[in-house]
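# Dropping the sequence and predicted coords here.
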Protein chains: 2
Amino acid sequence: MYELDADSRIERTGEGAYRATLTDRWNIGPFPNGGYLAFVAVRALHEVLPHPDPLTVTTHYLRPPVPGEVELAVEPVRVGRGTSTGAVSMRQNGEEVLRTTGILTDLGGLDGETLVDAQPPAMPPPEACEGRSGTERGLPTFVERFDTRFAPGTASWLSGERSGRAEIGGWARFADGRPVDTDSLVLMADAYPPPIFNAVAAGWVPTLELTVHVRRRPADGPLRCWFRTRFLIGGYLEEDGEIWDVQDRLVAQSRQLARLQRPR
Amino acid sequence: MYELDADSRIERTGEGAYRATLTDRWNIGPFPNGGYLAFVAVRALHEVLPHPDPLTVTTHYLRPPVPGEVELAVEPVRVGRGTSTGAVSMRQNGEEVLRTTGILTDLGGLDGETLVDAQPPAMPPPEACEGRSGTERGLPTFVERFDTRFAPGTASWLSGERSGRAEIGGWARFADGRPVDTDSLVLMADAYPPPIFNAVAAGWVPTLELTVHVRRRPADGPLRCWFRTRFLIGGYLEEDGEIWDVQDRLVAQSRQLARLQRPR
């Protein structure tokens, strides 16, 4: 069993009530990554909704949970023919830590029109992009879950410099070989470091709200990811993401609202 | 009292229970516009949360309501010092029609860093942009609520042509002179026709999910709005919006996921 699947098992404990155990393998500092938490919420949605793929998933982060047990209250809000909508509330030690609302559909059965006015982000092949290694000091355990390559010019902050452009991107896949599916695109949308690291001195950048639109089932292979911040205003910032598969097809778009905390 | 305020009055009916009456002034066809519904939900959030401005508001549309009475269940999810989070469920005739989750803050009191890597959308002054008029056949009542001007080249669908670019933008303000505040930016983010009208033959384009990030309090005056669709995939599309005030400052960003229905 792949790491992500082992670390997101959902156990039914009652009517609409489930339990999961967050592991520390997806931590950044002491806290599990927000994309991992959203992935756990999506797995919970599958317990009560019939459609196989997330179409849009919005998570509001209320308090950071720590690794350990969480309770999930899962509600099928509306089940329709083409889509179904559900809500998840995750609690730890009695306190609500996040709330997710999501719409599922069958992305394998879309028969509507397609018209794309965009190109995948330009970058050299994975082997020509910078990776991260265990020699980096204080590497979060989260980083070890992925084989992440950075497109040239987007990883300047890793060497203590800043390009001034709040963009970051590159190729990503799971380190243990887990194929990327539509559920895990919700995690991939939060798997890169904040692009604002390339523009200003930043400490923690906690997410307040993350919305991921999953648009296609990804082909097997590494994903091309691109994240950008254009507006840091009064300490709040958006991060816009695009994820493309190896067949040059957009598979997900994301936007999150986060808050910049200054380095201590 | 301005139209929008008269048409969104919230009456308390019990613990966390409120009532509102949707009017037909904000209709597109038989149904109230989704931005208007989200605005009503934001007004309901203010009943239970202390912060004055919406920061991020996500609405999932479950069924289209019709003008008339709706019940609102309003929940303060988490009240913190800098932000507060709440949820609204709107029902009509016993059926849930939408669910909104929002985070409020005080946008007048932001003291964090600002860094903007973007320019307002280029367009001539309002008097040099095309407007709409009552001579257009079948004009929705919604359109009469606004003084909407279209930037050159973005209103080709109005004359039955299509530019092929799924972009639409221009200047907008309320027709009755209501100043735009942070609450009503949530409505403004859904006030333009779908940009996809300029690219493909479309009928109804119902919104499944709309997220608006409100980033600043707007200065008084007309707003510059720009909406764009880059990915129509299998009948689903995103609409990305930016709203700028007359002082060239971004005041809101929006993204919605919608479904293209072919013309009948």
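Alright, I've got the coordinates.

# How many neighbouring residues does the one residue in the stretch 51-200 of chain A that gets nearest to chain B have?
In the stretch 51-200 of chain A, the residue that lies nearest chain B is A:Gly112 (1.7 Å; Cβ to the nearest Cβ). Heads up, the C-betas are built off the backbone N, CA and C, glycines and all. Around A:Gly112 there are 14 other residues, counting by other Cβ atoms under 10 Å in any protein chain shown.

# cool, and A:Ile10?
Around A:Ile10 there are 18 other residues, counting by other Cβ under 10 Å.

# So it is in contact with A:Val42, correct?
No. Using Cβ atoms under 8 Å, A:Ile10 makes no contact with A:Val42, being 10.3 Å away.

# what's the neighbour count on the closest residue to A:Ala201 other than its chain neighbours?
Once flanking residues are discounted, A:Ala201 sits nearest to A:Pro263: 5.5 Å by Cβ to Cβ, 6 or more residues apart in numbering or on different chains. Counted with other Cβ under 10 Å, residues neighbouring A:Pro263 total 8.

# so where's the stretch 1-150 of chain A shaky on pLDDT?
The model of the stretch 1-150 of chain A has pLDDT under 70 over residues A:133-137.

# which bits of it sit near chain B?
Contacts of the stretch 1-150 of chain A with chain B, taken as Cβ under 8 Å from any Cβ of the partner chain, map to A:55-56, A:58, A:60, A:62-63, A:77-78, A:83, A:85, A:87, A:96, A:99, A:101, A:103, A:107, A:110-118.

# If any of these are buried, give me the ChimeraX selection for them.
Here is the ChimeraX selection string for the buried members of the residues of the stretch 1-150 of chain A next to chain B, based on 16 or more other Cβ atoms under 10 Å in any protein chain shown:
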select /A:55,56,58,60,62,77,78,83,85,87,96,99,101,103,107,110,113,115
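
# And the strands in the stretch 151-264 of chain A, which stretches?
Taking DSSP state E, counting those that start in this stretch as the test, the strands found in the stretch 151-264 of chain A are A:167-174, A:207-214, A:223-228, A:231-233, A:236-244, A:250-259.

# ignore the last one, the stretch 1-150 of chain A
All strands of the stretch 1-150 of chain A, identified by DSSP E, counting those that start in this stretch, fall at A:11-14, A:17-22, A:27-28, A:31-32, A:53-61, A:68-79, A:83-92, A:95-105, A:115-116, A:130-131, A:146-150.

# Nearest to B:Ser254, out of those strands?
Closest to B:Ser254 of the strands of the stretch 1-150 of chain A, according to Cβ to Cβ: strand A:53-61, at 13.3 Å.

# How far does that closest one sit from its chain's centre?
Averaging C-alpha positions (Cα atoms, centre = their mean, to the nearest Å) puts strand A:53-61 10 Å from its chain's average.

# Counting by contacts, list what that strand packs against.
helix A:34-46, strand A:95-105, helix A:182-188, strand A:207-214, strand B:53-61, strand B:95-105, strand B:207-214 (3 or more Cβ pairs under 8 Å, 6 or more residues apart in numbering or on different chains; DSSP states H and E).

# would a markdown table of those with distance to A:Pro195 be doable?
Shown next, in a markdown table, are the helices and strands packed on strand A:53-61 (distance: least, Cβ to Cβ, whole Å):
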| stretch | distance to A:Pro195 |
| --- | --- |
| helix A:34-46 | 15 |
| strand A:95-105 | 23 |
| helix A:182-188 | 15 |
| strand A:207-214 | 13 |
| strand B:53-61 | 18 |
| strand B:95-105 | 21 |
| strand B:207-214 | 16 |
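
# closest one to B:Asp183 among those?
B:Asp183 lies closest to strand B:53-61 among the helices and strands packed on strand A:53-61, at 6.3 Å (Cβ to Cβ).

# isn't A:Arg224 right up against A:Ile243?
Yes. The pair A:Arg224 / A:Ile243 is scored as a contact, 7.2 Å apart, by Cβ under 8 Å.
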